[in-house]
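Here is a sequence with its predicted model. Questions after.
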Amino acid sequence: TMQPVIYAEIREAGYPNGFTIRNAELELYPGELLVIAGESGSGKTTLVRVLTGTIKLVGGYYRGKVLIGNTSINDISPDEFHSKVAYIPQEPWFALIGYSVETEYCHSLAVAGHTCEFFDLMKLGLGRKLKNPTYGLSAGETQRLIWAESLARDSSIFILDEPLVYIDRYAREMLQSVVKTTLKDGRAVVVVDHNPLFWKDLASKIIYLQNGQP
C-alpha cells in the first residue's frame with residue numbers, strides 16, 4: 001500500500017490564552033494537492049506552523065501527531081526536514097540568503113549536500129537571471145527560485161502560504177503550471193489560500209477552516 005507523505009491528526013493547536021484550532025486531520029499522498037482555505041483569522045497559519053514544525057518557535061503548542069513519511073515531525077532534524085519539505089512563505093523574499101540568483105541557489109544546494117546544477121532553475125525560466133541580484137526579482141520569480149532549489153534538493157512536499165498575494169496574472173499561470181508538473185512528478189503540494197477556486201482543477205482535497213475548526 002502507498003504511504004502518505006504527510007499525515008496529521010491535530011487535536012488542538014494554538015497559543016497560550018490565544019487562538020486555537022481543533023480536530024484537524026489530513027493525509028496527503030504523492031501527486032495530491034491539498035488546499036487549506038478559510039477567511040483571515042480562521043487558523044490557516046496556525047495549521048501551517050504545525051505542519052512545518054515551527055509552532056513552538058512562535059510560542060505555540062500542538063497536541064496530536066504529525067508524520068512526515070513515517071517519522072514524527074518531533075524526531076526529524078531541521079536539516080532533514082528542510083530537504084524533504086519545501087516551505088514557500090507568503091513573503092518569499094524572506095527565505096533568501098544569497099546576493100545573486102546563482103549564489104542563493106548554489107548555497108541552498110550546498111547546505112543540503114547537492115552539487116549546483118542549474119537544470120531546475122532553467123526549467124523554471126530563471127536561466128538568464130543567474131547573475132541578477134535576488135532583491136531585483138519579482139515575487140513570482142522569487143517563488144520560482146525557491147521552488148527550483150527545492151526540486152533540486154528533491155523535496156517531496158511543497159507548502160505554499162498564500163502564494164497569489166503578490167503576483168500578477170502571468171506569474172499565477174506560471175505557478176499553476178509549475179504546481180501541475182510537480183504533482184505529475186509524484187510530489188505532494190499543500191496550498192494555503194483564501195481563494196480555493198483558483199486551484200479547483202488541480203486540488204484533490206480541500207480543508208476549509210472556520211474559527212479554527214474544519
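Sure thing, it's come through.

what helix or strand is the residue nearest the centre of the chain on?
Of all residues in the chain, the one closest to the mean position by CA atoms, centre = their mean is residue 159, 1.6 Å from it. Applying DSSP states H and E as the criterion places residue 159 in strand 157-161.

Adjacent strands (with direction) for that strand?
Its sheet considered, strand 157-161 pairs with strand 85-88 (parallel), strand 188-192 (parallel) by DSSP bridges.

Now the longest helix seen in the chain - C-alpha only, CSV.
The longest helix of the chain (DSSP state H) is helix 169-184. Extracted C-alpha coordinates of helix 169-184, given in CSV (Å, rounded to 0.1, in the frame of the first residue of the first chain):
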residue,chain,number,x,y,z
ARG,A,169,-1.8,37.1,-13.7
TYR,A,170,1.2,35.9,-15.7
ALA,A,171,3.1,34.7,-12.6
ARG,A,172,-0.1,33.0,-11.4
GLU,A,173,-0.4,31.0,-14.6
MET,A,174,3.3,30.1,-14.4
LEU,A,175,2.8,29.0,-10.8
GLN,A,176,-0.2,26.9,-11.7
SER,A,177,1.7,25.0,-14.4
VAL,A,178,4.8,24.5,-12.1
VAL,A,179,2.4,23.0,-9.5
LYS,A,180,0.8,20.8,-12.1
THR,A,181,4.2,19.4,-13.3
THR,A,182,5.3,18.9,-9.7
LEU,A,183,2.2,16.9,-8.9
LYS,A,184,2.8,14.8,-12.1
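
Could you pull up the contacting residues of residue 162?
Each residue near residue 162 by CB atoms under 8 Å, 6 or more residues apart in numbering is listed here: 90, 192-194. Every C-beta, even on glycine, is put in place using the N, C-alpha and C of the backbone.
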